[in-house]
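Novice: please work out how this folds:
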Amino acid sequence: MKIVVIGGTGLIGSKLVARLTEHGHEALAAAPNTGVDTLTGEGLAEALAGANVVVDVSNSPSFEDTAVMEFFETSTGNLLAAEAAAGVGHHVALSVVGTDRLQKSGYFRAKSVQEKLIEKSGIPYSIVHATQFFEFVKSMTDAATDGDTARFAPVLFQPIASDDVAKAVGRTSVGAPLNGIVEVAGPEEFRMDEFFADVLAKREDPRSVVTDPHASYFGAELDERTLVPGAGAILGEIRYSEWPGRTVSWK
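Specialist: Numbering: from 1, shown residues only. This next block holds a predicted model:
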């Protein structure tokens, strides 16, 4: 099976390409640095020739409201048009748990537009909603930092290792189209403020965590269960306490 991975040289994409190749599929890493640009259309037709499945794990280089909307509208529109021309039978996209509950955020409004374009395209599809990656813990901490404190809301979240995300996306891509959404999350729920306080303490980070019910995530305030999946989610196997990256230097 030929599977084209858009964003195939990034964090999830590179893991996905390796996993699919190991399982005997022809996995093509498609990204600007491999000559495939979904914003301009460069290289798309050539990359998609003979493809059975296209998996989109790309992301906008800018999260500014206008830029991120333009990225997902243009990129997804070009990609779906190229897939239709090539006769691709399954479009898989990676998105985020809680996207529909985070519409005060420009980023998540753009992700919703991406999903609607996919749903209306007429191409059989599967959308994988994942929770926050373990790899994002540092950037989430930095985004929440003001001076020597980091502000987090006392809400639930269920982070996941990128390896488990890649596994879930890979299984979805080789299966029958869902024409719907599947959720994937880590094996453990945490309270966000307590989780980050524990992480900073164990890393001997001088910043302290302040519990703030109004602390936002990508510009949107959070309810208790905004970021956690519903019943029936696929759960990853790697616990944060077992994840090797938790001890990697942040400097």
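
Novice: how about the helices in the protein?
Specialist: Using DSSP state H, the helices found in the chain span residues 11-22, 44-48, 65-86, 106-120, 137-144, 162-173, 192-202.

Novice: out of those helices, the one nearest P244 is which?
Specialist: Nearest of the helices of the chain to P244, taken as Cβ to Cβ: helix 162-173 at 10.1 Å. Every C-beta, even on glycine, is put in place using the N, C-alpha and C of the backbone.

Novice: and that closest one, what's buried?
Specialist: Neighbour-count burial for helix 162-173, with 16 or more other Cβ atoms under 10 Å as criterion, is recorded at 162-170, 172-173.

Novice: and stretch 11-26, by the same measure?
Specialist: 11-17, 19-20, 25.

Novice: now do stretch 188-204
Specialist: Neighbour-count burial for stretch 188-204 [16+ other Cβ under 10 Å]: 189-193, 195-197, 199-200, 203.

Novice: for the buried residues of helix 162-173, give me CSV that also has pLDDT and distance to K104.
Specialist: Putting the buried residues of helix 162-173 into CSV (pLDDT from 0 to 100; distance: Cβ to Cβ, whole Å) gives the following:
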residue, pLDDT, distance to K104
S162, 97, 27
D163, 97, 31
D164, 98, 28
V165, 98, 25
A166, 98, 30
K167, 97, 32
A168, 97, 27
V169, 98, 27
G170, 97, 32
T172, 98, 29
S173, 98, 31
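
Novice: and of these, the nearest to A51?
Specialist: Among the buried residues of helix 162-173, and counting by Cβ to Cβ, the member closest to A51 is S173, at 11.2 Å.

Novice: pull up the gap between that closest one and T21, please.
Specialist: 13 Å (Cβ to Cβ, to the nearest Å).

Novice: picking that back up, now the buried residues of stretch 11-26 in a markdown table, with pLDDT and distance to Q132?
Specialist: Listed next are the buried residues of stretch 11-26 as a markdown table, based on pLDDT from 0 to 100; distance: Cβ to Cβ, whole Å:
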| residue | pLDDT | distance to Q132 |
| --- | --- | --- |
| L11 | 96 | 13 |
| I12 | 98 | 13 |
| G13 | 97 | 18 |
| S14 | 97 | 19 |
| K15 | 97 | 17 |
| L16 | 98 | 18 |
| V17 | 98 | 23 |
| R19 | 96 | 21 |
| L20 | 97 | 24 |
| H25 | 97 | 28 |
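
Novice: just flag the most distant two among those residues.
Specialist: Those two in the buried residues of stretch 11-26 that are separated most widely, counting by Cβ to Cβ, are L11 and H25, at 19.8 Å.

Novice: which residue of this structure lies farthest from its centroid?
Specialist: P206 (29.5 Å; Cα atoms, centre = their mean).

Novice: contact partners for the nearest residue to it once chain neighbours are set aside?
Specialist: Nearest non-adjacent residue to P206, counting by Cβ to Cβ, 6 or more residues apart in numbering: D148, 6.4 Å away. Shown here is D148, whose contacts under the criterion Cβ atoms under 8 Å, 6 or more residues apart in numbering are 206-208.

Novice: and which of the residues you listed is nearest M140?
Specialist: Using Cβ to Cβ, the contacts of D148 come closest to M140 at R207, 12.4 Å.

Novice: surely that closest one is in contact with T149?
Specialist: Yes: taking Cβ atoms under 8 Å as the definition, R207 is a contact partner of T149 at 6.3 Å.

Novice: in terms of neighbours, single out the busier of those two.
Specialist: R207 (18 against 13; other Cβ atoms under 10 Å).

Novice: with that, I have no additional questions.
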